[in-house]
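J.: My questions concern the predicted model and sequence given below.
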Amino acid sequence: MINRSDERHCFRLAAKNRVYYVSESVMKASNSVARDNLLSFGTCLGKFTKSGKFRLHITALDYLSQYAQYKVWVKPSAEMSFLYGNNVLKSGLARITESTPQYAGIVVYSMSDIPLGFGVASQGTDACKDLEPMGNVVLHQADIGEYLRGMEDDIF
């Protein structure tokens, strides 16, 4: 992610403990703006909480989907449920990456390979086969519907 073919990028910790992914040219240009006047620069990947844990934002989805090791595809009937902030149930599961371990980070896709969000696998691939239809497969963390639900303060 840092040594890209087009331009070098870097990670920067900015105001309110937010981590940004930004090109070096934009970072150098932002040095001419006073820190108090600078709202954001680059892509906000997440922020550090008060307890010191890092929490990913939905704005990191484009980068996560490129490098995701574990993926889940949901049926069209389950897409809206996930986009409203609900977990992915086995009845809404279309495909899952083989040998996904329990509690692994996972990216959720629609059947047309559009990334919808990300979460945590509540069950491994083997356990999903024996799971009841209303059992959770992916625990929701973030989805692209957050923009519409008005969570601007948490994202930016």
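T.: Nice, thanks for sending it over. Numbers count the residues shown, from 1 in each chain.
J.: When you work out contacts or count neighbours from here on, use the C-alpha atoms and nothing else.
T.: Fine.
J.: Find the residue ranges of this structure scoring beneath the pLDDT cut-off.
T.: 1-3, 149-156 (pLDDT under 70).
J.: Can you name the residues that contact the nearest residue to residue 120 once chain neighbours are set aside?
T.: Setting aside the residues directly before and after it, residue 120 is nearest to residue 105 in space (C-alpha to C-alpha, 6 or more residues apart in numbering), at 4.7 Å. For residue 105, the contacting residues are 70, 118, 119, 120, 121, by C-alpha atoms under 8 Å, 6 or more residues apart in numbering.
J.: most neighbours, which of the residues you listed?
T.: The most neighbours of any of the contacts of residue 105, using other C-alpha atoms under 10 Å, belong to residue 118, which has 29 neighbours.
J.: mind pulling up the phi and psi values for it?
T.: phi -150, psi 160 (degrees, to the nearest 10).
J.: Find the centremost residue of this structure, please.
T.: residue 61 (4.0 Å; C-alpha atoms, centre = their mean).
J.: State the distance from that residue to residue 43.
T.: Residue 61 is 11 Å from residue 43, where distance means C-alpha to C-alpha, to the nearest Å.
J.: go on, residue 83?
T.: Taking C-alpha to C-alpha, one finds residue 83 at 21 Å from residue 43.
J.: Between the two, which has more neighbouring residues?
T.: Remark: of residue 83 and residue 43, residue 83 carries more neighbours, 19 against 16, as counted by other C-alpha under 10 Å.
J.: Which secondary structure element is home to the nearest residue to residue 14 once chain neighbours are set aside?
T.: Nearest residue to residue 14 in three dimensions, chain neighbours excluded: residue 20, at 7.3 Å (C-alpha to C-alpha, 6+ apart). Assigned by DSSP states H and E, residue 20 falls within strand 18-23.
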